[in-house]
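K.L.:
Can you look at this prediction? I've put the sequence above it.
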Amino acid sequence: MTDVALITGTSSGMGLHAAIELARRGLHVVATMRDVGRAGELQDAAAAAAGVDVEVRALDVVDHAAAARLVAEIEAEHGGIHVLVNNAGRGSVATAEQLSMQQVQDQLDVNYLAPVNLTKLVLPGMRERGSGRILTVTSVGGTVGQPFADAYCGAKFAVEGFMQSLAVVAERFGVRVSVIEPAAVASSFVANVVRSDEGGPYASLLAAYIARSSGAFANAQTAESAGAVIAAAVMSDEYRFRWQSSEGATAFVGVSLADLDGERVLGFTRPWIAAG
């Protein structure tokens, strides 16, 4: 029986390319997105560039009841979910005073609670089979706080802690839990970031941060190469993954947390506020 991979956030960017690469590697991929009307890019790229098919399903990851129904349907139709890739995410640019509590909640809903819910849903089947892979795309912002990313980094820190804690126990049942921590990736993620345009005392600092981070994203790794790393991490039996861009600069590092005695190596660029 072909292993089934469920991946979220596949309408564009890393998720799209990770879905294609997993299908190319022989998995039956169930690619989810909020609006299946946007599935054309994924399906065209899968067929034309890779010669593979992906199964597209609608899922808004913050709808936990819909996620439960989808997981149950996939398990009934395909006999189980062997790989879960929590890729869907949402950014936010604002500091604490500029954030409403609803904006904070929105970040937690997408970047923390949604991966937690999906992980909980697939774990029983994986545990009973004695095998499975759960990989969550977090961020360098889940390991080092970034300016004007208070809510985003807080949610990413939370999901990192959850997955690290889970990995210790899940591994005893044959379920490998890992994270991928990308630096800047050239994708539509930046365009979808929730941004505060308020000025006030933070205006000059925010302008400097935007200018610095815009440069980092303009010269970032491609979504295609980042997606390939996600797929490689899913398929590999190694605990650590290190990838360098063709220019030789470390652009993307993923570290499995199953081996907690090992050293965690992170490589990333820090878009700190420019001096002056």
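P.N.:
Looks like it came in fine. Numbers count the residues shown, from 1 in each chain.
K.L.:
Quick check: mean pLDDT of the helix or strand hosting Leu123?
P.N.:
Per DSSP states H and E: Leu123 is located in helix 114-129. Average pLDDT, helix 114-129: 98.
K.L.:
for that helix, which positions count as buried?
P.N.:
With burial defined by 16 or more other Cβ atoms under 10 Å, the residues of helix 114-129 counted as buried are Ala114, Pro115, Val116, Asn117, Leu118, Thr119, Leu121, Val122, Leu123, Gly125, Met126, Arg127. Bear in mind the C-beta positions are built from the backbone N, C-alpha and C, glycine included.
K.L.:
cool, and stretch 131-142?
P.N.:
Gly132, Arg133, Ile134, Leu135, Thr136, Val137, Thr138, Ser139, Val140, Gly141, Gly142.
K.L.:
ok so, going back, which other residues reach the helix holding Leu123?
P.N.:
6, 8, 61-62, 64, 67-68, 71, 75, 80-82, 84, 86, 88, 132, 134, 136, 159, 162-163, 166, 170, 173-175 (Cβ atoms under 8 Å, 6 or more residues apart in numbering).
K.L.:
Please narrow those residues to those residing in strands.
P.N.:
Counting by DSSP state E, the part of the contacts of helix 114-129 found in strands is Leu6, Leu84, Asn86, Gly132, Ile134, Thr136, Val175.
K.L.:
Strand 132-137 and the longest helix along the chain, what's the angle between them?
P.N.:
Longest helix in the chain by number of residues (criterion: DSSP state H): helix 150-170. For helix 150-170 against strand 132-137, the angle by axes from the mean of the first three to the mean of the last three Cα atoms, to 10 degrees is 160 degrees.
K.L.:
Name the residues of helix 150-170 that come out as buried.
P.N.:
By neighbour count on 16+ other Cβ under 10 Å, the buried set for helix 150-170 is 150-160, 162-164, 166-167, 170.
K.L.:
Quick one: residues in contact with it.
P.N.:
Residues outside helix 150-170 that contact it (Cβ under 8 Å, 6+ apart): 86, 90-96, 99, 103-104, 106-108, 110-112, 115-116, 119, 123, 126-127, 134, 136, 138-139, 141-143, 145-146, 176-179, 256-258, 260.
K.L.:
Repeat the analysis, applying 7 Å as the threshold.
P.N.:
Residues outside helix 150-170 that contact it (Cβ atoms under 7 Å, 6 or more residues apart in numbering) are 91-92, 95-96, 99, 103-104, 107-108, 111-112, 115-116, 136, 138-139, 141-143, 145-146, 177, 179, 257-258, 260.
K.L.:
then that helix to PDB, C-alphas only?
P.N.:
Provided in PDB are the C-alpha atoms of helix 150-170 (Å, rounded to 0.1, in the frame of the first residue of the first chain):
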ATOM      1  CA  ASP A 150       6.000  39.500  18.600                       C
ATOM      2  CA  ALA A 151       2.900  37.600  18.000                       C
ATOM      3  CA  TYR A 152       4.300  35.500  15.100                       C
ATOM      4  CA  CYS A 153       7.400  34.500  17.000                       C
ATOM      5  CA  GLY A 154       5.400  33.800  20.100                       C
ATOM      6  CA  ALA A 155       3.300  31.300  18.200                       C
ATOM      7  CA  LYS A 156       6.300  29.700  16.500                       C
ATOM      8  CA  PHE A 157       8.100  29.400  19.800                       C
ATOM      9  CA  ALA A 158       5.000  27.600  21.200                       C
ATOM     10  CA  VAL A 159       4.700  25.100  18.300                       C
ATOM     11  CA  GLU A 160       8.500  24.300  18.600                       C
ATOM     12  CA  GLY A 161       8.100  23.600  22.300                       C
ATOM     13  CA  PHE A 162       5.000  21.400  21.700                       C
ATOM     14  CA  MET A 163       6.800  19.300  19.000                       C
ATOM     15  CA  GLN A 164      10.000  19.000  21.000                       C
ATOM     16  CA  SER A 165       8.100  17.700  24.000                       C
ATOM     17  CA  LEU A 166       6.000  15.300  21.900                       C
ATOM     18  CA  ALA A 167       9.000  13.900  20.100                       C
ATOM     19  CA  VAL A 168      10.300  12.300  23.200                       C
ATOM     20  CA  VAL A 169       7.300  10.100  23.800                       C
ATOM     21  CA  ALA A 170       6.100   9.700  20.200                       C
END
